[in-house]
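Enquirer: Below are the sequence and a predicted model; questions follow.
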Amino acid sequence: LFPPELRFATLKFFNRVFNMFSSYCYFDITEIDGVNTNELYNAVQLYLSSYISISGSRLSLTRALNSSAITFGLTNNDTIIDTFNGVTVLWEHVVTQRQAQTFSWRPLPDEKRGFTLRIKKKDKNLILDSYLDYIMEKATDIKRNNQDRLLYTNSRGGSLDSRGHPWESVPFKHPSTFDTLAMDPVKKTEIMEDLKDFANGQAFYQRTGRAWKRGYLLYGPPGTGKSSMIAAMANYLGYDIYDLELTEVHNNSELRKLLMKTSSKSIIVIEDIDCSINLSDRKKAKGNNGSTGRSYYEPDMRSGSGCGGGSGGEDGGNSITLSGLLNFTDGLWSCCGSERIFVFTTNHIEKLDPALLRSGRMDMHIFMSYCSLPALKILLNNYLAYEEGDLQDEMSKQLEDVIEKAEMTPADVSEVLIKNRRHKEKAVNELVETLKERAERNLKDLKNSGVREGDFEGFEDEEQEKRALESPKDGCDCDQDSCNKEDKEEKIN
Ligand SMILES: Nc1ncnc2c1ncn2[C@@H]1O[C@H](COP(=O)(O)OP(=O)(O)OP(=O)(O)O)[C@@H](O)[C@H]1O
Ligand SMILES: [Mg+2]
């Protein structure tokens with residue numbers, strides 16, 4: 001029976017009296033602040049959405065542009081309790097109908113939405129100092145995690161796009177994760193913990209005066225999952241990937257510019273570092289632009305103008321040096337921006353300059369090995385949905401006996417499994433056969449060659465094949481210092 005105005009005024013009065021005696025204070029965070037969207041409102045919305053379980057009876061759902069995740073929101077007058085540094089606060093989502101619109105340049109939504117934060121008066125300062133910052137930070141994280149990852153490449157050479165960016169990007173949707181990655185579980189856990197420590201280590205890096213970055217060197221035969229590991233890392237941390245094509249970078253200053261244009265929370269990848277530029281020796285690398293061993297990637301070499309005739313003195317080509325690269329990862333420039341991971345991959349760790357391997361440069365050297373028994377179990381589970389214990393004892397025993405001797409890469413094993421994935425038994429039988437064959441072949445090779453020279457011997461052929469595919473003209477890389485000696489001898493003969 002009361003007219004609405006009177007009802008409103010009475011409520012307001014009681015509210016005021018109540019507030020005077022109340023031990024709480026309230027903060028309103030409205031969706032639209034004047035004419036601008038209130039960033040804090042969106043942040044709170046996102047932050048709270050990470051707390052809500054789907055059990056609520058009514059939730060609002062949103063999916064942002066370029067986002068692959070759906071976020072839950074509170075509907076009208078829902079409340080939620082949160083605790084921060086031992087202090088409990090209450091959030092309420094308040095939705096009211098907007099009164100008939102007066103003229104506005106920008107049409108406002110019919111509903112007026114906002115959050116009300118209720119805090120004990122004594123906790124007010126504690127919370128306002130850090131709680132809202134914390135929410136903003138968390139919201140940024142959530143937003144980033146929900147957004148599609150990006151894969152950047154510098155394949156355009158040195159040219160910039162219309163916004164002055166040297167990187168080109170595409171959405172990165174690689175399905176590889178640490179769950180699907182076949183490798184020793186202990187090693188895998190170690191890497192995952194290392195990554196998490198890094199991502200959560202802001203305070204640590206600050207305290208110890210180190211730039212917030214970390215380097216991983218992945219090495220091992222082709223097809224053992226180095227690239228898959230990088231994708232898994234990116235998916236695990238929610239980082240973007242910058243795939244740096246060193247052959248497209250013409251000099252050290254270009255390299256530096258590229259680095260400056262990378263964002264934080266990203267993985268900067270240089271694949272096949274031993275083939276990319278002549279990194280065999282720091283001093284020599286500079287000299288090599290001159291008359292002696294020309295880099296295989298210099299333009300005239302790339303265009304296939306011949307392997308032998310590359311002794312021109314002109315310096316217009318690729319003149320990145322090892323020291324340039326080290327400055328990129330390690331020097332003063334490496335810390336513009338923060339939270340960055342450098343990953344180098346190589347098939348030949350023994351060909352890298354010790355300077356690159358020195359402690360502190362690449363923090364972790366990860367050997368990606370041939371398929372081991374634990375790795376095989378993961379692959380069997382991935383491709384054939386075999387659980388631990390599903391295999392007959394006899395079969396497991398056979399696999400266990402040959403897997404190490406066979407020295408098959410996870411890529412090869414995957415191939416056998418994929419081919420027969422409809423017939424589980426057939427797939428495993430064929431795998432055992434292939435493994436046995438390989439093991440026998442290896443044994444024979446071993447006998448023929450006498451003493452084995454190194455761990456990597458077995459994949460030299462594969463490696464040469466790969467390089468031949470990459471190189472424009474057969475054997476062009478044989479001018480390079482880093483090229484293996486056997487190649488060189490073959491070429492000379
Ligand atoms: N450890 C692994 N776990 C799961 N799948 C793997 C693994 N290693 C290889 N594979 C499979 O083999 C394919 C090739 O692997 P990947 O490209 O990661 O190898 P790589 O070590 O990067 O080889 P390269 O040295 O030639 O670059 C992948 O698509 C993946 O499906
Ligand atoms: Mg690879």
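Expert: That came through, no problem. Ligands and ions are numbered 1, 2, ... in the order given.

Enquirer: Could I get the contacting residues of whichever residue of the stretch 1-150 of the chain sits closest to ligand 2?
Expert: Taking C-beta to the ion, ligand 2 has its nearest neighbour within the stretch 1-150 of the chain at residue 149, 17.9 Å off. Placement of C-beta: from N, CA and C, glycine included. Residues in contact with residue 149 (C-beta atoms under 8 Å, 6 or more residues apart in numbering) are 171-173, 234-235, 238-241.

Enquirer: ditto for residue 225
Expert: Contacts for residue 225 (C-beta under 8 Å, 6+ apart) come out as 181-183, 368, 410-411.

Enquirer: Let's see that with 6 Å instead.
Expert: 181, 368, 410 (C-beta atoms under 6 Å, 6 or more residues apart in numbering).

Enquirer: So which bits of the protein are right by ligand 1?
Expert: By C-beta under 6 Å from any ligand atom, the part of the chain that sits against ligand 1 consists of 180-183, 222-228, 347, 368, 410-411, 414, 466.

Enquirer: re earlier: can I get the contacts of residue 225 in CSV including secondary structure?
Expert: Formatted as CSV, those follow (DSSP: H, G, I helix; E, B strand; the rest coil):
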residue, secondary structure
181, coil
368, coil
410, helix
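
Enquirer: and which of those is nearest to ligand 1?
Expert: Sorting those by how near they are to ligand 1, with C-beta to the nearest ligand atom, puts residue 410 at the top with 3.4 Å.

Enquirer: any chance of the contacts of residue 225 in JSON lines, with pLDDT and neighbour count too?
Expert: Conversion of the contacts of residue 225 to JSON lines gives the following (pLDDT from 0 to 100; neighbours: other C-beta atoms under 10 Å):
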{"residue": "181", "pLDDT": "96", "neighbour count": "22"}
{"residue": "368", "pLDDT": "95", "neighbour count": "25"}
{"residue": "410", "pLDDT": "95", "neighbour count": "24"}
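
Enquirer: same for ligand 2: which of those residues are within range?
Expert: Among those, proximity to ligand 2 is found for none (C-beta under 5 Å from the ion).

Enquirer: Three-state assignment for residue 72, please.
Expert: Taking three-state DSSP, the label given to residue 72 is strand.

Enquirer: That one and residue 63 touch, don't they?
Expert: No: counting by C-beta atoms under 6 Å, no contact exists between residue 72 and residue 63, whose distance comes to 10.9 Å.

Enquirer: Could you check which of those two has the larger neighbour count?
Expert: Neighbours per residue (other C-beta atoms under 10 Å) separate residue 72 from residue 63, with residue 72 holding more: 18 against 11.

Enquirer: Could you give the bridge partners of that one?
Expert: residue 61 (DSSP bridges).

Enquirer: low-confidence ranges in the stretch 351-493 of the chain?
Expert: 450-493 (pLDDT under 70).

Enquirer: nope, the chain is what I meant
Expert: Residues of the chain that meet the cut-off, pLDDT under 70, sit at 1-2, 51-58, 64, 66-68, 71, 99-110, 158, 277-318, 333-337, 450-493.

Enquirer: Same question for stretch 251-267: list its buried residues.
Expert: By neighbour count with 16 or more other C-beta atoms under 10 Å, stretch 251-267 contains the buried residues 251-252, 254-256, 258-259, 261-262, 265-267.
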